[in-house]
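A.B. asks: Structure for the following, please:
(one chain, ligands or ions: 1)
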Amino acid sequence: MKVALVQIGSPSTESKSERIQRAEDMLHDIPSADLIVFPELWAPGYFYFDRYEENAEPLEGPVLGHARRWAKRLSAHVHVGSIIETRDGQLYNTAILLDPSGDVVQVYRKIHVFGYQSREAQLLTAGEMVTTTGTPFGRLSSTTCYDLRFPAVWEALVKEGTDMAIVPAAWPAARLHHWQLFTSVRAVENQIYVIACNAVGEQEGISLPGHSRVVDPWGDVLFEAGDEEGIYMCEVNPALVEQVRREFPVLADRQKVGTGTSAIAEWSV
Ligand SMILES: O=C(O)CCC(=O)C(=O)O
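C.D. replies: The predicted structure follows:
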């Protein structure tokens with residue numbers, strides 16, 4: 001399975017529609033890919049909070065319209081990263097996966113909206129559900145950026161049978177080491193592929209480092225980009241998930257863990 005990571009920047013000098021057009025140009029002659037992945041909110045730019053309202057779009061908006069064409073032309077699954085979705089009077093950070101016919105096969109609304117040096121949590125409504133989708137490469141799920149820090153999301157994904165988690169992100173350079181740590185840890189603890197595509201460049205004085213990564217279920221980093229914009233290819237073996245779980249069946253040993261005074265009382269008698 002060939003994965004293409006579209007590590008695109010969102011400079012303030014470019015409008016959303018210009019950026020979508022530039023993404024189309026970047027995709028023009030990429031090598032053949034089975035799955036193409038974009039970063040979080042790449043079209044509007046994650047850190048342009050003052051423009052969230054004007055750059056919001058319904059699910060069937062310009063990003064999805066273009067991505068449908070890309071999926072069909074390139075015969076690939078396309079994960080559009082995420083859009084600012086306007087829905088029933090609320091705004092969401094919504095990730096979308098398309099199949100090679102251009103049909104939407106997954107919608108995920110970011111659960112952990114971010115509030116540290118970010119207005120996302122103030123402006124957007126949090127989603128509530130994880131979803132997984134069957135594909136020829138196994139079950140695929142989405143989790144977005146800050147969700148990486150919350151193991152409960154990942155446990156839920158594994159319960160749903162996920163083999164590969166796609167993580168679009170706008171993760172700042174100031175915490176690059178956390179990005180590298182969490183993308184690796186989530187792959188190892190859940191024995192899944194983590195396919196994580198980060199933004200690059202600068203937005204409102206925040207530096208975004210790229211370093212998009214693909215980590216396999218054994219924790220080997222198959223690919224890590226630098227901080228340059230570009231499309232990066234990585235080969236993935238979907239059969240490895242089953243193999244790692246069979247050889248080292250750690251997930252079967254997960255236990256419910258008690259908390260609180262009753263657990264202490266039981267332990268002390
Ligand atoms: O958790 C972090 O450090 C970064 C999160 C973030 O930037 C986001 O969720 O967009």
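A.B. asks: what's the biggest helix by length in the chain in contact with?
C.D. replies: When the chain is parsed with DSSP state H, its longest helix is helix 176-190. Under the contact criterion Cβ atoms under 8 Å, 6 or more residues apart in numbering, helix 176-190 has outside partners 148-149, 151, 154-155, 157-158, 162, 165, 167, 169, 171, 192-194, 196, 198, 209, 211, 213, 215-219, 221, 224, 251. For the C-beta atoms, the positions are set from N, CA and C on the backbone; glycine is no exception.
A.B. asks: 7 Å instead?
C.D. replies: Helix 176-190 is contacted by residues 148-149, 154, 158, 165, 167, 171, 193-194, 196, 198, 209, 211, 213, 215-217, 219, 221 when judged by Cβ atoms under 7 Å, 6 or more residues apart in numbering.
A.B. asks: same thing with stretch 139-152?
C.D. replies: Outside stretch 139-152, the residues touching it (Cβ under 7 Å, 6+ apart) are 40, 79, 82, 93, 95, 97, 106, 108, 110-112, 114, 130-133, 153, 157, 160-171, 182-183, 186.
A.B. asks: let's go with 6 Å and repeat that
C.D. replies: 40, 82, 95, 108, 110-112, 114, 132-133, 153, 157, 161-169, 171, 182 (Cβ atoms under 6 Å, 6 or more residues apart in numbering).
A.B. asks: Give the buried residues for the strand of greatest length in the chain.
C.D. replies: Secondary structure of the chain per DSSP state E: the longest strand is strand 77-87. For strand 77-87, a neighbour-count test (16 or more other Cβ atoms under 10 Å) marks 77-86 as buried.
A.B. asks: same question, stretch 19-30
C.D. replies: 19-20, 23, 27, 30.
A.B. asks: and which of those residues is nearest the ligand?
C.D. replies: Distance to the ligand, by Cβ to the nearest ligand atom, is smallest for Arg19 among those, at 17.6 Å.
A.B. asks: same for the helix or strand where Met233 lies, what does it pack against?
C.D. replies: Counting by DSSP states H and E, the element that carries Met233 is strand 230-235. On a contact count with 3 or more Cβ pairs under 6 Å, 6 or more residues apart in numbering; DSSP states H and E, strand 230-235 meets strand 2-7.
A.B. asks: contact partners of the strand it packs on?
C.D. replies: 30, 33-38, 195, 197, 200, 210, 212, 225, 229-236.
A.B. asks: Buried subset of those as a PyMOL selection?
C.D. replies: Burial among the contacts of strand 2-7 is assessed by 16+ other Cβ under 10 Å; the matching PyMOL selection reads:
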select buried, resi 30+33+34+35+36+37+38+195+197+200+210+212+225+229+231+232+234+236
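A.B. asks: where along this protein do the helices fall?
C.D. replies: 16-26, 52-55, 62-74, 120-123, 151-159, 176-190, 240-247, 261-268.
A.B. asks: which stretch in those helices has the least confidence?
C.D. replies: Of all those, mean pLDDT reaches its minimum on helix 261-268 (a mean of 60).
A.B. asks: Return the distance of the residue nearest the centre of the chain relative to Thr259.
C.D. replies: Nearest to the geometric centre of the chain sits Val167, at 1.9 Å (Cα atoms, centre = their mean). Val167 sits 28 Å away from Thr259, going by Cβ to Cβ, to the nearest Å.
A.B. asks: again with Ile84
C.D. replies: 37 Å.
A.B. asks: before we move on, what about Val80?
C.D. replies: In terms of Cβ to Cβ, Val80 sits 39 Å off from Thr259.
A.B. asks: Please name the residues that touch the nearest residue to Tyr46 once chain neighbours are set aside.
C.D. replies: Spatial nearest neighbour of Tyr46, chain neighbours left out: Ala170 (3.4 Å); criterion: Cβ to Cβ, 6 or more residues apart in numbering. By Cβ under 6 Å, 6+ apart, the contact set of Ala170 is 40, 46, 199.
A.B. asks: Return the residues in contact with Gly230.
C.D. replies: Applying Cβ under 6 Å, 6+ apart, the residues contacting Gly230 are Gln7.
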